[in-house]
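In: A structural model of the following input is requested.
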Amino acid sequence: MALLSDEIVAELREVFAGLKEPVRLAVFSQALEDPISEEVGRLVEELAALDQKLTAEPRNFVLDHTPAIAILGAEKDYGVRFYGAPAGYEFGSLVEAILDVSNGESGLAEATRTALAGLERDLRVRVFSTPT
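Out: Numbers count the residues shown, from 1 in each chain. Model prediction:
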């Protein structure tokens, strides 16, 4: 049984028509140990089947935080990761991240880019969200 409804598939095909560059979705999971990991893997496979510029890359690692999805450009890793199941509003964030990686753009305002360029050292930005 598909995880994505026909209506959602139709909407996503339209959205993914805007992909500029290929995007790889690396899924880190422990499918035999964790049913949620298996579900996330299936979700990514369904997403990748919607457009030829999307590729699913299943990885089976024993990690502290699985399931996880790394959204990778064709040649560049932008450091975008999703941990856990991208359910509810997080699914929209996953789709937007795929588009951003494909476009090679963050969507940040020029003033923000300028401020970040002025930083004296590299920083790691982490955004955490929860459905509640």
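
In: every contact and neighbour count from this point should use C-alpha atoms.
Out: Will do.

In: tell me which residues touch L3, please.
Out: Taking CA atoms under 8 Å, 6 or more residues apart in numbering as the definition of contact, the neighbours of L3 are 42-43, 46.

In: any idea whether it is helix, strand or coil?
Out: Secondary structure of L3, reduced to three states by DSSP: H, G, I helix; E, B strand; the rest coil: coil.

In: re earlier: nearest to E96, of the contacts of L3?
Out: Closest approach between those and E96, by CA to CA: L43, at 15.5 Å.

In: just the helices in the protein please.
Out: Along the chain, counting by DSSP state H, helices occupy 6-16, 35-48, 89-103, 110-117.

In: elements contacting the first one?
Out: Of the remaining helices and strands, none touches helix 6-16 by 3 or more CA pairs under 8 Å, 6 or more residues apart in numbering; DSSP states H and E.

In: when you give positions from now on, start the count at 26
Out: Done: numbering now begins at 26, and the last item shifts to helix 31-41.

In: how about residues contacting it?
Out: With CA under 8 Å, 6+ apart, helix 31-41 has contacts from 75-76, 124.

In: what about 10 Å?
Out: 28-30, 71-72, 74-79, 120-121, 123-124, 127 (CA atoms under 10 Å, 6 or more residues apart in numbering).

In: got it, and the last one?
Out: In this structure, residues lying in contact with helix 135-142 by CA under 10 Å, 6+ apart are 131-133, 143, 147-148.

In: CSV for those, including distance to P111, pLDDT and neighbour count?
Out: Compiled in CSV, the contacts of helix 135-142 are given as follows (distance: CA to CA, whole Å; pLDDT from 0 to 100; neighbours: other CA atoms under 10 Å):
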residue, distance to P111, pLDDT, neighbour count
S131, 20, 82, 12
G132, 21, 84, 10
L133, 23, 88, 9
G143, 33, 93, 9
D147, 28, 87, 8
L148, 25, 84, 8
